[in-house]
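1. Sequence and computational prediction follow.
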Amino acid sequence: MIGIDLGTTNSLVSVFQNGTPRILPNEMGETMTPSAIAIASDGQILVGRAAKDRLVVDPGAGKTQFKRDMGSDAKYRFGGREWSPAECSALILRELKRVAELHVDGEVTSAVITVPAYFRDEQRNATLDAARIAGLSVDRVVNEPTAAALAFGYQSPEAETTVLVFDLGGGTFDATLLEIFDGVIEVKASGGISHLGGEDYTDAFCRWICEKHKWTPPKSEANRWRQHVEMTKRRLSSKSVATVSLGSKEVEVSYDEFRAATQSLSERILPVVRRCLSDARTDFGSLDDILLVGGATRSRNVYDDLATASGRVPNRKLDPDHAIALGA
Ligand code: AMP
């Protein structure tokens with residue numbers, strides 16, 4: 001049996017062996033499989049990194065972000081046929097099952113799959129459909145923040161424990177308040193922003209750099225340049241200045257500039273957190289822990305804002321990309 005974090009931008013697979021969970025990397029050594037599918041020019045179905053690369057060259061050849069449409073009647077057209085969100089998800093699940101089978105002896109037949117706490121029945125059922133298509137029987141569907149809490153070690157704390165799960169991924173933000181007692185993890189309140197994540201920070205930074213330097217990348221280079229800015233953004237989480245190349249020219253950008261360029265995004269996050277706390281009739285001071293989940297919580301500005309507002313040190317004990325899959 002495997003654990004699956006079926007994410008909007010990336011998905012991961014884990015296995016529980018010798019008493020501990022372990023994330024399983026693919027043949028390329030990558031633990032994160034982009035949640036992307038595409039059709040190659042020879043008609044072959046591409047999944048993950050290969051699909052994402054193909055979509056850079058031909059955006060109409062496939063689909064990403066189908067998790068957003070799970071449980072709706074959305075249909076996508078590519079590769080000469082229509083695809084439902086569940087069919088797209090099924091290809092990701094099948095790929096993760098295949099990756100897991102590289103690591104364990106024999107066939108993998110069942111899985112625990114995580115879904116957002118706010119997923120309605122239709123969305124959960126669409127996830128079950130996807131698993132069925134992929135040939136996996138689902139032992140349990142677990143809420144993502146619940147899985148994160150388990151991974152952080154909150155299976156059965158001695159006293160009633162209240163934790164905030166702060167999950168900022170590539171494209172979505174979710175805040176969830178959990179109460180944990182006697183082996184039961186209860187979602188007390190949740191909120192989020194369906195279109196806000198690390199990718200938006202990168203886009204805002206790209207726009208800011210282009211405006212400031214009155215420069216735009218040539219169309220054929222636009223994706224590569226964005227990837228370069230993405231790396232610069234990550235570097236600015238630990239350094240105060242970094243360089244960005246604009247064609248033949250190199251310019252310096254600072255962390256403070258990055259922070260200012262993305263301020264309007266950051267300002268939307270804390271009100272959602274405060275709302276979640278007040279819905280659960282609690283406040284920062286009553287929390288036992290704040291768990292950081294999702295790759296974009298590595299951003300220094302996101303971390304600092306949360307630490308300042310809450311007056312405490314958010315828990316970054318686990319790799320924020322791995323927490324949900326480990327919990328699953
Ligand atoms: P996820 O899909 O949860 O792994 O989130 C991926 C997002 O995390 C991407 O948008 C990345 O830009 C962002 N990210 C990863 N590492 C860093 C970092 N060091 N600083 C800022 N953002 C990061």
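-> Arrived safely.
2. for the spatially most central residue of the chain, what are its contacts?
-> Taking Cα atoms, centre = their mean as the criterion, residue 169 is the residue nearest the geometric centre of the chain, at 3.7 Å. If you count contacts by Cβ atoms under 8 Å, 6 or more residues apart in numbering, residue 169 has them with 7, 8, 9, 10, 197, 198, 293, 294, 295, 296. Placement of C-beta: from N, CA and C, glycine included.
3. I'd assumed residue 31 was in contact with residue 48.
-> No - taking contacts as Cβ atoms under 8 Å, residue 48 lies outside contact range of residue 31: 11.6 Å.
4. Those two: which is more packed in?
-> A side-by-side neighbour count of residue 48 and residue 31, using other Cβ atoms under 10 Å, places residue 48 first with 24 against 17.
5. Pull up the gap between that one and residue 66, please.
-> Applying Cβ to Cβ, to the nearest Å, the value for residue 48 to residue 66 is 13 Å.
6. what residues does the lengthiest helix in the chain touch?
-> In the chain, with assignment by DSSP state H, the single longest helix is helix 85-103. Helix 85-103 is touched from outside by 2, 4, 6, 11-13, 15, 24-27, 33, 35, 37, 45, 47-48, 63, 66-67, 69-72, 74, 76, 107-108, 111, 113, 126-127, 129-136, with contacts defined as Cβ under 8 Å, 6+ apart.
7. okay, now the closest residue to the ligand within the stretch 201-328 of the chain: neighbour count?
-> Residue of the stretch 201-328 of the chain nearest the ligand, by Cβ to the nearest ligand atom: residue 295 (2.6 Å). Residue crowding around residue 295 was assessed by other Cβ under 10 Å; the count is 19.
8. again, but for the one 3 residues further on
-> A count of neighbours around residue 298, defined by other Cβ under 10 Å, yields 18.
9. what do you get for residue 304?
-> Should you count by other Cβ under 10 Å, residue 304 turns out to have 12 residues around it.
10. Double-check that it belongs to a helix.
-> Yes - assessed with DSSP: H, G, I helix; E, B strand; the rest coil, residue 304 lies in a helix.
11. how close does the nearest residue to residue 26 once chain neighbours are set aside sit to the ligand?
-> Leaving aside its sequence neighbours, residue 26 sits nearest to residue 99 (Cβ to Cβ, 6 or more residues apart in numbering; 4.8 Å). Computed with Cβ to the nearest ligand atom, to the nearest Å, the distance linking residue 99 and the ligand is 17 Å.
12. rewinding a little: distance between the longest helix of the chain and the chain's centre?
-> Centroid separation between helix 85-103 and its chain, computed with Cα atoms, centre = their mean, to the nearest Å, is 17 Å.
13. Show me the strands in the stretch 151-300 of the chain, by range?
-> Listed from the start of the chain, the stretch 151-300 of the chain has strands (DSSP state E, counting those that start in this stretch) covering 161-168, 173-181, 184-193, 241-246, 249-254, 289-293.
14. okay, these in CSV with mean pLDDT and mean neighbour count next?
-> Supplementary listing: the strands of the stretch 151-300 of the chain in CSV, determined by pLDDT from 0 to 100; neighbours: other Cβ atoms under 10 Å:
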stretch, mean pLDDT, mean neighbour count
strand 161-168, 98, 25
strand 173-181, 97, 23
strand 184-193, 96, 17
strand 241-246, 97, 14
strand 249-254, 97, 12
strand 289-293, 98, 24
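15. residue of the stretch 51-200 of the chain with the smallest distance to the ligand?
-> Ranking the residues of the stretch 51-200 of the chain by distance to the ligand (Cβ to the nearest ligand atom) places residue 198 first, at 2.2 Å.
16. what about the closest residue to that residue other than its chain neighbours, how many neighbours?
-> Counting by Cβ to Cβ, 6+ apart, the nearest residue to residue 198 once its immediate chain neighbours are dropped is residue 296, at 3.3 Å. For residue 296, the number of neighbouring residues by other Cβ under 10 Å comes to 28.
17. ok, residue 296 - contacts?
-> The contact partners of residue 296, taken as Cβ under 8 Å, 6+ apart, are 168, 169, 170, 197, 198, 201, 302.
18. Leaving out sequence neighbours, find the closest residue to residue 33.
-> Distance criterion Cβ to Cβ, 6+ apart; nearest residue to residue 33, sequence neighbours excluded, is residue 48 at 4.1 Å.
19. With residue 235 instead?
-> residue 242 (4.5 Å).
20. mind listing what the one you found touches?
-> 232, 235, 236, 252, 253.
21. Closest one of the residues you listed to residue 275?
-> Nearest to residue 275 among these: residue 236, at 28.9 Å, using Cβ to Cβ.
22. gap between the closest one and residue 222?
-> Taking Cβ to Cβ, one finds residue 236 at 21 Å from residue 222.
23. what about the helices in the stretch 101-250 of the chain?
-> Ranges of helices within the stretch 101-250 of the chain are 121-134, 144-151, 198-213, 222-235, based on DSSP state H, counting those that start in this stretch.
24. could these go into TSV alongside mean pLDDT?
-> Shown next, in TSV, are the helices of the stretch 101-250 of the chain (pLDDT from 0 to 100):
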stretch	mean pLDDT
helix 121-134	98
helix 144-151	98
helix 198-213	97
helix 222-235	95
